[in-house]
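Colleague: Only the shape, not the letters, is given here:
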């Protein structure tokens, strides 16, 4: 009678061990949780919201306009991560006129801005910037409260840690981004 109990215990330990190993591998190579710290991406994501980030190297999976990326900003001495929206990729030219974004001369839709598609506080204009190959140009959705490529320039793809794709906390925000 002890034999089936031992077999059952061994089987349960094996299942727990395999599950734990799989979770560690997924966390190490594929997914990373990320906690929003700040208001620069409102109303898309809020302060203290929790997201899942796909750790896919941009050299294998190209980034596109509108995706949310987590990266190490090119700010000397800064050790945290930022989350911002991809506006332009290597080889594209980005500019702003009165808060409106243009990529390669085409006005881009911005429905995600904090003021329902309009950035009432941000009337910035920036001269055209050609994004170097291997870099991206990023902006926050709450433009009047965001440190982004307007301040620190393009971000090297090597500094991108992943693409945010799912909100999981608070549960009222649960779902795709």
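Modeller: Perfect, thanks for sending it. This is a predicted model, so every value here is computed, not measured.
Colleague: Give me the contact list for the lengthiest strand in the chain.
Modeller: In the chain, taking DSSP state E as the definition, the longest strand is strand 160-169. Contacts made with strand 160-169 from outside it, assessed by CB atoms under 8 Å, 6 or more residues apart in numbering, are listed as 32-34, 45, 49-56, 58, 61, 63, 67-72, 81, 83, 136, 173-177. (Each C-beta comes from the backbone N, C-alpha and C, glycine too.)
Colleague: Give me the buried subset of those residues.
Modeller: Buried members of the contacts of strand 160-169, counted by 16 or more other CB atoms under 10 Å: 32, 34, 45, 49-53, 55-56, 58, 63, 67-72, 81, 83, 136, 177.
Colleague: low-scoring stretches of this protein, by residue?
Modeller: Counting by pLDDT under 70, the ranges of the chain that qualify are 1-6, 25-28, 58-59, 114-122.
Colleague: show me where this protein has helices.
Modeller: Under the criterion DSSP state H, helices of the chain are mapped to 2-29, 149-152.
Colleague: Relative to residue 131, which of those is closest?
Modeller: helix 149-152 (8.7 Å; CB to CB).
Colleague: Please list the outside residues in contact with that closest one.
Modeller: With contacts defined as CB under 8 Å, 6+ apart, helix 149-152 is touched by 73-75, 84, 87, 96, 124, 126, 129, 137-139, 155.
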